[in-house]
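Asker: could you work out the structure for the sequence below:
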Amino acid sequence: MGRIDDVINVAGHRLSTGQIEEVVAEHAAVAECAVIGINDVDKGQVPMGLMLLKDGVNISAEDLQDELVAMVRQNVGAIANFKRAVVVTRLPKTRSGKILRKVMRKMVDGEEYSVPSTIDDIAIIAELEATLKAAGVLR
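Answerer: This next block holds a predicted model:
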């Protein structure tokens, strides 16, 4: 994975979200994923995964989250503090296929964000907000 653009600071440790994404993407049920660093009062930032499931996969969100947490602990380490994985129906992308991680991070952190004009489908933002509210990530 060539992405080194997202480095998060978890309890004083610099971690690459790309490295965590690699581990999450290895799960047999995950078709596509994005890991973002969200603000945390105690740790500074913590990683959160958003993932699409492969067609025909029958796994509960709780079981998937437990398995992903175990995989990240095994491959990256407990210091990653990866504890949150949310299944989404679509990830916001530009027309060229880049995932809008910055928009998702700001959305979860409750910050103002602007959706770039290059977004593939603006309706994905509302879908994502509804999914994150249902998962208890957004208020």
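Asker: what comes up buried for the lengthiest helix in the chain?
Answerer: The helix spanning the most residues in the chain, taking DSSP state H as the definition, is helix 61-75. Residues of helix 61-75 classed as buried under the neighbour-count rule (16 or more other CB atoms under 10 Å) are 64, 65, 67, 68, 69, 71, 72, 73. Heads up, the C-betas are built off the backbone N, CA and C, glycines and all.
Asker: any chance of TSV for these, columns distance to residue 91 and pLDDT?
Answerer: Converted to TSV, these look like this (distance: CB to CB, whole Å; pLDDT from 0 to 100):
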residue	distance to residue 91	pLDDT
64	16	96
65	17	96
67	20	97
68	16	97
69	20	96
71	20	97
72	19	97
73	24	96
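Asker: ok, so of those, who is nearest residue 138?
Answerer: Here the nearest of the buried residues of helix 61-75 to residue 138, counting by CB to CB, is residue 65; it sits at 17.2 Å.
Asker: could I get the pLDDT score of the closest residue to that closest one other than its chain neighbours?
Answerer: Distances taken as CB to CB, 6 or more residues apart in numbering place residue 85 nearest to residue 65, at 4.3 Å, with adjacent residues excluded. The predicted local distance difference test score for residue 85 is 96.
Asker: still on that earlier bit, and the longest helix of the chain, how far out from the chain's middle?
Answerer: Relative to the chain's own centre, helix 61-75 is displaced by 13 Å; criterion: CA atoms, centre = their mean, to the nearest Å.
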